[in-house]
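Asks: Predicted model and sequence below, questions to follow.
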Amino acid sequence: MRVALRVGWMHTAALGGLVALGACSGGGGGGIASTPAPAPAQIPAPTPTPTPAPTPTPTPTPVPSPTPTPTPVPTTNYDTTEYRATVGAVSMNALVAYKNGATGSGIKVGVIDSGIDVQSAEFGDCSGGLGVGTCRILASSSDPGGNGSVDDVGGHGTAVAFTIAGRRNAAGTQGVAFNSQLVVERADQPGSCNGTDTSTCKFSDTAIAQGLDRARQAGARVVNISLGGDSASSALASAIDRATAAGVIVVIAAGNDGSANPDAFTSAATNAAISRGLVIIAGSVNSSDTISSFSNRAGSSAAVYLAAVGEGVRAPDANNTAYIWSGTSFSAPQITGAIALLAQAFPNLTGKQIVDLLYATARDAGDAGVDPIYGRGVLDLTRAFQPVGTMSVAGTSAVISPTINGTLSGPMGDASQGALGMAALDSFGRAYATTITNSFQRQSLSRNLPALMATRDRSFSIGGDQVRVAVSLVPTVDSVRIERLGITSRDAGVARMLATTVSGRLGSKAQFAFGASQTGNVLTAQLAGRDDPAFLIARDPLSNAGFDTDVGGSAAVRQMIGPWGLTVASEVGDVLSQRAGDAAALQARWLRFGYDRSTVAVDRRFGGLNASVGVTRLSEDNTVLGARFSAGLGAARASSLFADLGLRWDLGLGLSVGGSLRQGWTNVRLREGIQGAGLLRTNAWAADIGKDGLFGSDSIGLRIAQPLRVARGGIGLTLPQGWDYDTLSVTSWSSQRINLAPVGREIDYELRYHWRFADGDVSSNLFLRRQPGNIAAMPSDLGGAVRLSWGF
């Protein structure tokens, strides 16, 4: 079998016209004779108008765009007039590769064609011999066609090789991978290339097979075959099989008949047993990503078909004269050059990974997805050089997100981060320098007021001196749910009864309580008989966690020892962490993570002064004071210790003052991926003054409070900074820190007034929150509420 060159049109600068060239022949033999090519121009063809790189669809989102490591970023300006005149490089945006240090250096590329112009300076100075000095035509190049030399006669092979590896010299155009090395396999039948008409060149499949074997043996990462004809013989199919088994990528031109399917010569690409996913069929598009009229379409080979610019490609012939070439013969070397760039930039990638990467990052053209015209789409190095799939911290399996890696809680407020940079790997194992500085979201501010102002709740209690049960119910559409019991000003005097689910006495000196949706600290206060006033916003820091939780259950036991009261309490529940994304999607708004808390407190009365001191231990399974961090940041968990002090002084005549103080220490531990730890210091306080019986059955009070806030501290991390592709290991680490101490400090001011009448009561509250959520830039929150309740 013989195959002919796959060339569609050739335009010469001298005539400014088009000369039709013969398509490749059918089976068995020679090519169809074509009209002789006109004498080439002796001056360079005009430089094409630069074409801007098309915008990838969809536009990748990582911010900032990571840079491959460890290749240093060069300072050379690659965005030159020469580059802009190179239509294929501009279309694929090879500039992104050059800026990241990839030029094809050190990558061997096989070219099976009509040879190469050995005398051309486009491939280095080869006067001292192939592969000597600056000559990028390697000595392993050979002539399986039997011509006695790799020196090109027809010109097609030189043009294809230039499209891949032509030098960059600030003149005319350049090759895509201009520093790559060439393993040239001249496979044309002796005498078939007449030097004036490339369509006369003929190639036997035996010579092509030998050339493919030799390129493989010479270490080529990719082999370009810009030829066409009948289906490959068994000898050529076997050579393709051997090449792909060795991990070599083979790029074959689709053909120039404008047919619905690629040329029969490409059939090996769809034979999975032979191709192993390493054979790409190259179709042609113009600089606007429109399929070329001459290009065979993807058809039944859509899954292995990739398009690149094959129109208006400027390259020299065998006499070093510039021509404008068009055909799938010139879309194939665009893809081949791109493969060389990727192979240098990411030496860890296998041939199969490179092919999969090109398919996955191709620009969609035509119908969405893989289609019978464009196949996988159009070659796009912008997307190919960006991270693909999930990113993981280098040296670990811990996944990081390009958008959100943590959700900070209220106590951390507006804590800002310095540079948090690391080496990370994408799903192809490629290393990137990335930063996670801006990947922390803040929990939305708690909206306590609507829940606390619910007016349809019903509360009742039943029991005697030994045991008492209290329940608060809120009707819903088709059921009734148990709600957290609120302490109103009316309830304060009998708090030990109404604020628990079940409470009772064990003899004369012991008490117990079990609560649903009540904290252990609240039970502790209730058993101690503390008559705490009720505020909606400026809440007692000892009665809540300081961040969003859903208490499951709690229990407490109190024992009198002389004048002292000793209380032990415990509770379990869930920390509520806001999901990333639209907070309006309330049905799936919260993520839940378990916690448990235990408290030991001692209290005593000194005349009108009621004092209590306690120690609380909080253990969080997957959160840190309500904040959540991704596995990529160690999936931190925390253990906290709080020292609590509460005082209330009855001054007589219904006048009282009170206050509470909490000081905390939180140890942070990382459980996955990276190493690190941290210590946080927190505090919270409240002070109030109140008067009962101001005008009769009423009371008034004023409170100032600071909710729980991280005073100082953060999480120290050990993050990877370099990656070695040879050993596939981290080369260096650095200590960095997630700051969790905010600049803002929330201070709450609240004035309350309560009046009882015959069967009900009225409560009113005015409040001001400065820097709510511990966010300095947050405007003050001013509000008020009035609540009317009555019994029946």
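Replies: Everything's here; your move.

Asks: And the helices in the stretch 1-150 of the chain?
Replies: Under the criterion DSSP state H, counting those that start in this stretch, helices of the stretch 1-150 of the chain are mapped to 81-84, 87-92, 95-99.

Asks: With the stretch 501-650 of the chain instead?
Replies: Going by DSSP H, counting those that start in this stretch, the stretch 501-650 of the chain shows helices at 520-527.

Asks: For it, give me the ranges with low pLDDT.
Replies: Scanning the stretch 501-650 of the chain with the threshold set as pLDDT under 70 gives 501, 580-589.

Asks: before we move on, what about the chain?
Replies: Ranges of the chain meeting pLDDT under 70: 1-74, 195, 445-501, 580-589, 791-792.

Asks: Quick test: name the residue nearest the centre of it.
Replies: P402 (3.1 Å; CA atoms, centre = their mean).

Asks: picking up where we left off before, could you say which of the helices of the stretch 1-150 of the chain is packed most deeply?
Replies: helix 87-92 (a mean of 27; mean count of other CB atoms under 10 Å). In short, each C-beta sits where N, CA and C put it, glycine included.

Asks: In this structure A307 contacts G377, no?
Replies: Yes: with contact defined as CB atoms under 8 Å, A307 counts as touching G377 (6.8 Å).

Asks: any shared contact partners between these two?
Replies: A362, A365 (CB atoms under 8 Å, 6 or more residues apart in numbering).

Asks: Might you calculate how far stretch 779-792 sits from the centre of the chain?
Replies: Here the centre of stretch 779-792 is set off from its chain's centre by 44 Å, with CA atoms, centre = their mean, to the nearest Å.

Asks: CA atoms only for that stretch, dumped as PDB, please.
Replies: Only the C-alpha atoms of stretch 779-792 are listed here, as PDB (Å, rounded to 0.1, in the frame of the first residue of the first chain):
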ATOM      1  CA  PRO A 779     -22.400  49.200  60.500                       C
ATOM      2  CA  SER A 780     -24.100  49.300  63.800                       C
ATOM      3  CA  ASP A 781     -27.300  47.300  64.200                       C
ATOM      4  CA  LEU A 782     -30.100  49.300  65.900                       C
ATOM      5  CA  GLY A 783     -33.400  47.800  66.700                       C
ATOM      6  CA  GLY A 784     -36.300  47.200  69.000                       C
ATOM      7  CA  ALA A 785     -39.000  44.700  69.800                       C
ATOM      8  CA  VAL A 786     -42.300  44.500  71.600                       C
ATOM      9  CA  ARG A 787     -43.900  41.200  72.700                       C
ATOM     10  CA  LEU A 788     -47.300  40.600  74.100                       C
ATOM     11  CA  SER A 789     -48.300  37.400  75.700                       C
ATOM     12  CA  TRP A 790     -51.200  36.200  77.800                       C
ATOM     13  CA  GLY A 791     -52.500  33.000  79.200                       C
ATOM     14  CA  PHE A 792     -55.900  31.300  78.700                       C
END
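
Asks: most residues in a single helix of this structure, which one?
Replies: helix 328-345 (DSSP state H).

Asks: continuing past it, what's the next helix or strand?
Replies: Per DSSP states H and E, helix 328-345 leads on to helix 351-361 as the next helix or strand towards the C-terminus.

Asks: mind listing what's buried in that following helix?
Replies: Buried residues in helix 351-361, counted by 16 or more other CB atoms under 10 Å: G351, Q353, I354, V355, D356, L357, L358, Y359, T361.

Asks: the domain parsing of the protein - what is it?
Replies: Domain segmentation of the chain under the TED database yields 85-385, 442-453+498-579+589-790.
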